[in-house]
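In: Sequence and computational prediction follow.
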Amino acid sequence: MAEQRVFRTNKKVFIMNVISSIILCFILIGIPFLIMFILRYLYTSITVSENGLLYKKGWLNTTQKQIPYNKINTVDLKMGLLGKMWDYGEVRIFTGNDVEGIAFKNIDRPKELKSLIEAKI
């Protein structure tokens with residue numbers, strides 16, 4: 001009986017194709033997330049004014065929430081380890097009989113925001 005020999009694609013070429021396919025998947029998935037994070041950064045803000053806080057959010061569907069200072073009862077601050085190192089955190093504002101509060105996450109300089117709000121109330 002004659003000996004059979006099997007030939008396949010080179011292993012190095014196969015591994016290179018698998019790695020490039022994985023990288024391409026991460027790029028195709030990562031680009032929409034990157035755009036989403038950039039738009040969220042550019043179109044979400046809290047403005048401290050004389051009358052109260054103005055929260056703006058959204059690019060296509062926009063939301064604006066006005067919070068007068070006389071409605072604010074307390075302001076809570078929450079910062080993790082990275083938040084303390086990079087100076088960001090969550091500021092939660094309680095109004096009226098609100099149990100959960102209005103949470104503003106990943107806010108830059110949360111201690112400064114909290115002290116500004118507390119000075120106004």
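Out: Looks like it arrived, so ask away. Values in this document were obtained by computation on a predicted structure and should not be read as measured data. Residues are numbered from 1 along each chain as shown.

In: ok, then the element right after the host helix or strand of P32?
Out: Using DSSP states H and E, P32 maps to helix 11-42. Going down the chain from helix 11-42, the next helix or strand is strand 44-48, by DSSP H and E.

In: That next one - contacts with which helices or strands?
Out: Contacts defined by 3 or more CB pairs under 8 Å, 6 or more residues apart in numbering; DSSP states H and E place strand 44-48 against strand 52-57, helix 110-120. To be clear about C-beta, it is placed using only N, CA and C from the backbone, and glycine gets the same treatment.

In: re earlier: the helix holding P32 versus strand 52-57: what angle between them?
Out: If you take axes from the mean of the first three to the mean of the last three CA atoms, to 10 degrees, helix 11-42 sits at 150 degrees to strand 52-57.

In: For stretch 58-75, buried residues please.
Out: By 16 or more other CB atoms under 10 Å, the buried positions in stretch 58-75 come out as 67, 69, 72, 75.

In: who's in contact with I102?
Out: 55, 65, 67, 92-95 (CB atoms under 8 Å, 6 or more residues apart in numbering).
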